[in-house]
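**Q** Here you go, sequence then predicted model.
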Amino acid sequence: MAGYGYDRFSESAYDLKNFSGPQIGSRAPDFKVATLSGEQSSILKFDGEFLVLELGSITCPLFQSRRSGMSALAKAHPEISFSILYTQEAHPGQNIAQHKNMAEKVNNASRLRDEDHELRKILIDDMDGTAHTGFGGYPNSVFIINKNGCIVYFSDWNNPRRTTLALNNLLEGRPAGRQGLFLPATPPVAIKTLRRAGAGAAWDFAKSLPVMFWKNAIRRNFLTLVRPNRPIAPDHIC
């Protein structure tokens, strides 16, 4: 991924053909992150039977479209740890610009909690996007990590229904199964998110929409369906 911390969105900022993040069955990378209270923590510091780690930002229509489904999943499974890795702003605009320092990044992450009422634990990456790029650098990926620190499910684009099925499979002692299909952002949520970001966000999004639709909803989904599924046990040791 090139141009981390971009001021204007373009699909060229992401390599949408080759996901470079950790794969299922591999050890999850661990990174130092900050909490909203200012404490230092790490990605793999969790107490639950599994960690469901989702990547996102308040200007990402995909992430915002998934939040209700992921919040419902978290409420249904108090025995599981759920965290959000706060990344760069996916679609910065005049109102919510790309962060220029950690104070601005923490402020935006705090708005996710205070204005959007997000209850999951929010972890804040550094300004270089070390953890974000270490987990592939996509705007809205999801990973399920077991107590051994191994990735037992991942999807480069989060699909809450498929993530729910994957977690249920794991809790029942079965492999999680294949990645979820890419689903476009819900139009009302996308409009609200881009308007909130301010001038420039919607235009940049619209310019890249045809290419993003081809690469994600068509090409990526086709490959997801035809690629063989690698079964990984819930208690996998990597």
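**A** Arrived safely.

**Q** In which helix or strand does the residue positioned nearest the centre of the chain reside?
**A** Compute the mean C-alpha point of the chain, and by CA atoms, centre = their mean the closest residue is L55, 2.3 Å away. Counting by DSSP states H and E, the secondary-structure element that holds L55 is strand 50-56.

**Q** mind listing the strands for this structure?
**A** Listed in chain order, the strands found in the chain under DSSP state E are 32-35, 40-42, 50-56, 81-86, 121-124, 142-146, 151-155.

**Q** Can you say which of these is nearest to G180?
**A** For those, proximity to G180 was assessed by CB to CB; strand 151-155 is nearest, at 4.8 Å. All C-beta atoms are positioned from the backbone trio N, CA, C, and that covers glycine.

**Q** I'd like the average pLDDT over the closest one.
**A** In this model, strand 151-155 has an average pLDDT of 98.

**Q** ok, residues contacting it?
**A** Residues outside strand 151-155 that contact it (CB atoms under 8 Å, 6 or more residues apart in numbering): 21-28, 50, 141-146, 162-163, 166-167, 170, 175-177, 179-180, 232-234, 236, 238.

**Q** change it to 7 Å
**A** Surrounding strand 151-155, the residues in contact under the criterion CB atoms under 7 Å, 6 or more residues apart in numbering are 22, 24-26, 28, 141-146, 162-163, 166, 170, 176, 179-180, 232, 234, 236.

**Q** how much does the longest helix along the chain deviate in direction from strand 81-86?
**A** Scanning the chain for the longest helix, with DSSP state H as the assignment, gives helix 61-76. If you take axes from the mean of the first three to the mean of the last three CA atoms, to 10 degrees, helix 61-76 sits at 160 degrees to strand 81-86.

**Q** now for helix 61-76, which elements pack on it?
**A** Packed against helix 61-76 by the contact rule (3 or more CB pairs under 7 Å, 6 or more residues apart in numbering; DSSP states H and E) you find helix 160-171, helix 187-197.

**Q** pLDDT averaged over it, what's the number?
**A** According to the model, helix 61-76 has a mean pLDDT of 98.

**Q** Can you name the residues that contact R161?
**A** With contacts taken as CB under 7 Å, 6+ apart, R161 has the following neighbours: 69, 180.

**Q** Quickly note the distance from it to R111.
**A** According to CB to CB, to the nearest Å, R161 and R111 sit 27 Å apart.

**Q** One more: I232?
**A** Separation of I232 from R111 (CB to CB): 36 Å.

**Q** Does T186 touch Q64 like I think?
**A** No. No contact is recorded between T186 and Q64 when judged using CB atoms under 7 Å, the distance being 8.4 Å.

**Q** which of those two has more neighbours?
**A** The neighbour comparison of T186 against Q64 (other CB atoms under 10 Å) goes to Q64, with 24 against 16.

**Q** so that one touches P187, yeah?
**A** No. With contacts counted by CB under 7 Å, Q64 stays clear of P187, the gap being 11.9 Å.

**Q** From I96, how far out is E39?
**A** Here E39 is placed at a distance of 25 Å from I96 (CB to CB).

**Q** do N18 as well
**A** Using CB to CB, one gets 29 Å for the distance from N18 to I96.

**Q** Looking at the two, which has the bigger crowd around it?
**A** Just comparing N18 and I96: by other CB under 10 Å the higher neighbour count belongs to I96, 21 against 6.
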